[in-house]
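Chemist: mind looking at a prediction? Sequence and model below.
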Amino acid sequence: MNRLLTTLFPNQQIPPGSTEGLPYWIFWFMLCIILLLLAFIFLRDKELRRRLDSFFMGFRKKIKKFRLQQMLKREQKKIESTLFELGKSAWSLNIDIASSDAICKEIIGLEEKISELSEEKKQTFHKIDTLNNDLSQFSKKQDRDIQKIKNNISTNDQKQLSLEDKEKEIEKEITQKHFVVEDNAKKITQAKKEILGLEHRDELSEKDKKSKVQSLEKNIESWQQKRKNSNEKIKEQVKEKEDIEDQLKQLSKKREQLSQKVKDQENHKKHESKKFQKEIHEWEKTRNKLSEKINKIEAEKKPFLKNLGRLANEQRIKHKDLSLYYSKIDRSKKRIQNIKKQIEQET
């Protein structure tokens, strides 16, 4: 700020205490004064105004000329496009055009190539559709087979759960019967002790002792029978439990086999699907190459159709379907003449 003020007013000394911290409004005030002075000088200097007007006028002319040239290019492109459409329409309508034998021969040759390539391309589409359909059918069949195996695994698991529940129930019953056997054994031991103890009880008569012994022996016999029955039942249940364990082992082995079968089926599906997809991809590449060749020949055919349209336009062959193209060409040519005149006026 201080440098600016010093430059503008070299003879004016700035007080030492004001070398820093001048208000911003002073800068903007001085800038406004400078702008007003410049505007005043510009209004009084006619030569400067003339030069500026001349500069901007030349600039506007260049812009206008550039826009006219762009319009001219667009109209010329429209004529070229219309000539192509005219030739294309004349060719499709099989209109006889003088001096077009060589052009027609070239177009026929190119269209024969396009026809051959299009037939090949059609076959590739058919092959791709067939492969996609085969892949879909294969995948569905594999999915059905895999689901069938999974259903068998589910059935196998249900059987396994049912047998495990049954095994737990048998284990529970065996434990309960062991308690019964132990309880009967305790009772028998206690009864035998009581029989031995009766011999030393002098307060009982021989008759009472005998009666008591008979009663205890009868109970011992009953408990022994119960213990025997329980042991036999335990043996039966242990055998049943062993059979269940064998069945569970078989079911577990079967589950492993079925799980492995699912993995094998899934791997087979994945492998075969990749083969299908690879073949489909190869056919798609062939189809794309054929499309590129057809597009290239179509591009080669375009200049011949344009030349055919140029001949038709020169001869102005009468046909209702071609009249519209003639009108479009005439309008574009008229616009081109007007644009060229405007360009000449700007130079």
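Modeler: Arrived safely, thanks for sending.
Chemist: in space, what's closest to Asn307 - neighbours in sequence excluded?
Modeler: Nearest residue to Asn307, sequence neighbours excluded (C-beta to C-beta, 6 or more residues apart in numbering): Ile103, at 5.4 Å. Every residue, glycine included, has its C-beta placed from N, CA and C.
Chemist: give me the distance from stretch 99-116 to the chain's centre.
Modeler: With C-alpha atoms, centre = their mean, to the nearest Å as the basis, stretch 99-116 stands 44 Å off its chain's centre.
Chemist: try stretch 139-154
Modeler: 26 Å.
Chemist: list the buried residues of that stretch.
Modeler: Gln142, Ile146, Ile149, Ile153 (16 or more other C-beta atoms under 10 Å).
Chemist: the helix or strand encompassing Leu131 - contacts with which helices or strands?
Modeler: Using DSSP states H and E, Leu131 maps to helix 101-198. Contact here means 3 or more C-beta pairs under 8 Å, 6 or more residues apart in numbering; DSSP states H and E; on that basis helix 101-198 packs against helix 206-315.
Chemist: secondary structure element for Gly87?
Modeler: If you go by DSSP H and E, Gly87 is part of helix 46-92.
Chemist: and that helix, what does it pack onto?
Modeler: Judged by 3+ C-beta pairs under 8 Å, 6+ apart, helix 46-92 is in contact with helix 24-44, helix 206-315, helix 320-346.
Chemist: swap the cut-off to 6 Å and go again
Modeler: Contact analysis of helix 46-92 by 3 or more C-beta pairs under 6 Å, 6 or more residues apart in numbering; DSSP states H and E lists helix 206-315, helix 320-346 as its packing neighbours.
Chemist: how about the contacts made by the residue lying closest to Lys127 once chain neighbours are set aside?
Modeler: Spatially, and ignoring its direct neighbours in sequence, Lys127 is nearest to Trp283 (5.2 Å; C-beta to C-beta, 6+ apart). Shown in contact with Trp283 (C-beta atoms under 6 Å, 6 or more residues apart in numbering): Thr124, Lys127, Ile128.
Chemist: what subset of the residues you listed is buried?
Modeler: Thr124, Lys127, Ile128.
Chemist: for those residues, which one is nearest Ser291?
Modeler: Closest approach between the buried ones among the contacts of Trp283 and Ser291, by C-beta to C-beta: Thr124, at 9.5 Å.
Chemist: and that closest one, how far is that from Thr286?
Modeler: 5 Å (C-beta to C-beta, to the nearest Å).
Chemist: likewise Gln225?
Modeler: Counting by C-beta to C-beta - Gln225 and Thr286 are separated by 91 Å.
Chemist: who has more neighbours out of those two?
Modeler: Thr286 (16 against 11; other C-beta atoms under 10 Å).
Chemist: the more buried one reaches Gln123, doesn't it?
Modeler: No - taking C-beta atoms under 6 Å as the definition, Thr286 is not a contact partner of Gln123, at 9.5 Å.
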